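In: the following comprises the amino acid sequence and a computationally predicted model.
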Amino acid sequence: MDKILLIGQHGQVTTYLQRALVGDYHVEVAGRAQLDLSNVDAISGALEASKPSLIINPAAYTAVDLAEQEQEAAFTINRDAVAAIAKYCANTNTPLIHFSTDYVFAGDANTPYLETDSPAPTGVYGQSKLEGEQAIIASGAPAIILRTAWVYSNHGKNFYKTMLALAQTRDQLSVVADQVGAPTYAGSIADATKILAEAILSRGGLMPAQVGIYHFCCQGQTSWCDFARAIFVENEVSKIRVTGITTDEYPTPAKRPAYSVMNVDKLTATFGVSLPHWGTALAHCAAETKAG
């Protein structure tokens, strides 16, 4: 049975990937105790000991605001550790699925970003993730880089869970209405990633034409404010009123992209894979919430 090394253990995407992959594949879950991405020098040895058929890396330093202060930690995990993983993959011809982010873009577009559009991150987190992408490409590793966005689920800390928690104690919320993106359910990410993993492993690796960057998020677009409203509708929370505010009225240490919608046609054209519309995925997440 093919062996998949899944880097990370408790994150949103990693959690759903474990549910999707375990049973069908020999999955080795490498949490911090097995593979500490902050200890770059130890990464090569850990990968050599594992000898996987495929590496999937959703792990990252994701504290967007804190990254402005903890720059060294962000770059160590999001760039240097990724470079070490990519070097191993290049040397051993091991395929890699690596996750990146919409934060590599400035957010000043008004049409969905293409993979060929020039990145221009506005904060440390986005810059560190971009340099991780660049390290993979420079290594020559057989890798696909999946840029996702606005990830949420019933696990961990995220906007979806925050909204439902606030609804327990509030009857009115103010939510940013001038940032537009595509909310992406971690369960949808896991389902689509499993299809990609199956395609890669069944062919014994990636074809040269498949290597590169792909936009990998749910379809459609909305604002944080309208996403919050949709969360409450899907979860039958009727007592709360959501008011839209501007980004300027909710300042954060790191600047968020005002527009981070990404065109996902390349993914479908290359692999025949697509994620659902964000509204459909939200309904699936809410059904999971209700099921407990």
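Out: That came through fine.
In: C-alpha from now on. contacts and neighbour counts both.
Out: Noted.
In: gap between Arg170 and Ala90?
Out: Per C-alpha to C-alpha, to the nearest Å, Arg170 is found 52 Å from Ala90.
In: so between these two, which is more surrounded?
Out: Ala90 (19 against 12; other C-alpha atoms under 10 Å).
In: which is the succeeding secondary structure element to whatever helix or strand the more buried one lives in?
Out: Here Ala90 sits within helix 81-92, counting by DSSP states H and E. Per DSSP H and E, the first helix or strand lying C-terminal to helix 81-92 is strand 96-101.
In: ok, that next one: who's next to it in the sheet?
Out: strand 54-57 (parallel), strand 143-148 (parallel) (DSSP bridges).
In: just want the angle from the longest one to helix 81-92.
Out: What that stands for is strand 143-148. 150 degrees (axes from the mean of the first three to the mean of the last three C-alpha atoms, to 10 degrees).
In: the next helix or strand after strand 143-148 pairs with which strands, and in what direction?
Out: Of the helices and strands lying after strand 143-148 in sequence (DSSP H and E), the nearest is strand 151-152. Sheet pairing of strand 151-152 (DSSP bridges) gives strand 184-185 (parallel).
In: can you give me how far the strand it pairs with is from the chain middle?
Out: Its chain's C-alpha centre and that of strand 184-185 lie 9 Å apart, by C-alpha atoms, centre = their mean, to the nearest Å.
In: and for stretch 240-252?
Out: Per C-alpha atoms, centre = their mean, the centroid offset for stretch 240-252 relative to its chain is 24 Å.
In: just the residues contacting that stretch, thanks.
Out: Contact with stretch 240-252 is made by 65, 167, 170-179, 225, 228-229, 232, as judged by C-alpha atoms under 8 Å, 6 or more residues apart in numbering.
In: strands - which of the residues you listed land there?
Out: 172-176 (DSSP state E).
In: quick one on the thing from earlier: just give me the closest of the contacts of stretch 240-252 to Ile195.
Out: The closest of these to Ile195 turns out to be Ala228 (C-alpha to C-alpha; 29.7 Å).
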